[in-house]
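J.: Build me a structure from this.
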Amino acid sequence: MPFPIGQWEMLALALVIALLFGGSQLPAIGRKLGRSVRETRDTLAGIDPRTPLRELDRPEPQKESSSEER
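T.: Next comes the predicted model:
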């Protein structure tokens, strides 16, 4: 961890979040956060770690459609 966070800090942070969003919104926020983490993991699992970052930024070449134009 980049910085240590104790039990009291975690409790204070949870209290502030509960006050800001309300108790009814917290389950939905948790689900959305979980989905985001899962999608990020799935995306990173499909990338070869030896691939240079410059190649990841390049758009993929578009495939030509096999349908005939009229």
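J.: okay, CA-based contacts and neighbour counts for the rest of this
T.: Fine.
J.: Alpha carbons of the helix or strand of the chain with the lowest mean pLDDT, as PDB, please.
T.: Taking mean pLDDT, DSSP states H and E as the measure, the chain has helix 53-57 as its least confident helix or strand, at a mean of 71. C-alpha atoms of helix 53-57 as PDB (Å, rounded to 0.1, in the frame of the first residue of the first chain):
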ATOM      1  CA  LEU A  53       2.300   0.500 -24.700                       C
ATOM      2  CA  ARG A  54       2.600   2.300 -28.100                       C
ATOM      3  CA  GLU A  55       1.200  -0.800 -29.800                       C
ATOM      4  CA  LEU A  56      -1.800  -0.800 -27.500                       C
ATOM      5  CA  ASP A  57      -2.700   2.800 -28.400                       C
END
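J.: Which strands and helices lie in contact with that helix?
T.: For helix 53-57, there is no helix or strand it packs on, judged by 3 or more Cα pairs under 8 Å, 6 or more residues apart in numbering; DSSP states H and E.
J.: what's it in contact with?
T.: Helix 53-57 has contacts (Cα atoms under 8 Å, 6 or more residues apart in numbering) with no other residue.
J.: what's the spacing between it and its chain's center?
T.: 19 Å (Cα atoms, centre = their mean, to the nearest Å).
J.: what do you get for stretch 7-19?
T.: 22 Å.
J.: Look up phi and psi at residue 22.
T.: phi 80, psi 150 (degrees, to the nearest 10).
J.: confidence score at it?
T.: Residue 22 carries a pLDDT score of 85 in this model.
J.: tally of neighbours for it?
T.: When neighbours are counted by other Cα atoms under 10 Å, residue 22 registers 11.
J.: Okay, it and residue 15: tell me how far apart.
T.: As judged by Cα to Cα, to the nearest Å, residue 22 and residue 15 stand 10 Å apart.
J.: cool, and residue 46?
T.: Taken as Cα to Cα, the span from residue 46 to residue 15 is 37 Å.
J.: the more surrounded of these two?
T.: Between residue 46 and residue 15, residue 15 has the larger neighbour count (other Cα under 10 Å), namely 12 against 8.
J.: Where does the more buried one sit, in terms of helix or strand?
T.: helix 7-21 (DSSP states H and E).
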